[in-house]
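Asker: coords please:
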Amino acid sequence: MSRSELVKSLLQRYGNEFFWNGNSYRGLFRTLDQKVQEGRCYRLIASADFLPMIGDEVRDEKYFYTILRVDGVFLSAKRLYTWCIVEQKDGWERSENDT
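Answerer: You can find the predicted model right below:
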C-alpha cells in the first residue's frame with residue numbers, strides 16, 4: 001500500500017463525508033482557531049484525488065464552504081493528500097472589505 005493510499009484509507013475510516021462537483025469524498029474538517037468555537041474558517045484534509053480550485057464550493061450534510069486556499073503535501077513529487085482552507089457560508093458571507 002502506497003502512502004497516499006494509506007492516507008486515503010485513514011480518511012475513509014475517520015473522515016466526514018463531503019461533496020464537491022457531484023462526487024462524494026471523505027475528509028477531516030478542523031477549526032483554524034481552537035480557542036474560537038464558533039469560527040467560520042476550517043482546515044480540510046482530503047485524499048490526493050480531491051483537486052479543487054480556489055473559489056470552488058464544497059458541502060457536508062449541514063453547511064456549504066468556499067475554498068480560500070488549496071495545496072497538497074508531496075513526497076518525491078507524488079501528492080500524499082490535499083489540504084484546503086475553507087470558509088463556512090451558511091448564514092454569513094464574506095464582504096468585499098474582508099481580506
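
Asker: how about the nearest residue to the most centrally placed residue in the chain, chain neighbours excluded?
Answerer: Geometric centre of the chain, nearest residue: L44, 2.7 Å, by Cα atoms, centre = their mean. The shortest distance from L44 to any non-neighbouring residue, by Cβ to Cβ, 6 or more residues apart in numbering, is to C84 (4.4 Å). Just so you know, the C-beta spots here come from the backbone N, C-alpha and C atoms, and that holds for glycine as well.

Asker: looking at this, that neighbour is in a strand?
Answerer: Yes - assigned with DSSP: H, G, I helix; E, B strand; the rest coil, C84 falls within a strand.

Asker: can you check what pLDDT the model gives R40?
Answerer: pLDDT recorded at R40 is 85.

Asker: quick one: contacts for L51?
Answerer: T82 (Cβ atoms under 8 Å, 6 or more residues apart in numbering).

Asker: sec struct for it, please.
Answerer: Going by three-state DSSP: L51 is coil.

Asker: please enumerate the strands of the protein.
Answerer: 16-20, 23-31, 41-47, 57-59, 64-75, 78-88 (DSSP state E).

Asker: contacts for the fourth one next, please.
Answerer: When you say that, I think you mean strand 57-59. Strand 57-59 is contacted from outside by 18-20, 44, 52, 64-67, 84, 86, 89, using Cβ under 8 Å, 6+ apart.

Asker: distance between the ends of stretch 45-61?
Answerer: Stretch 45-61 has its terminal residues 17 Å apart, counting by Cα to Cα, to the nearest Å.

Asker: avg pLDDT for it?
Answerer: 95.
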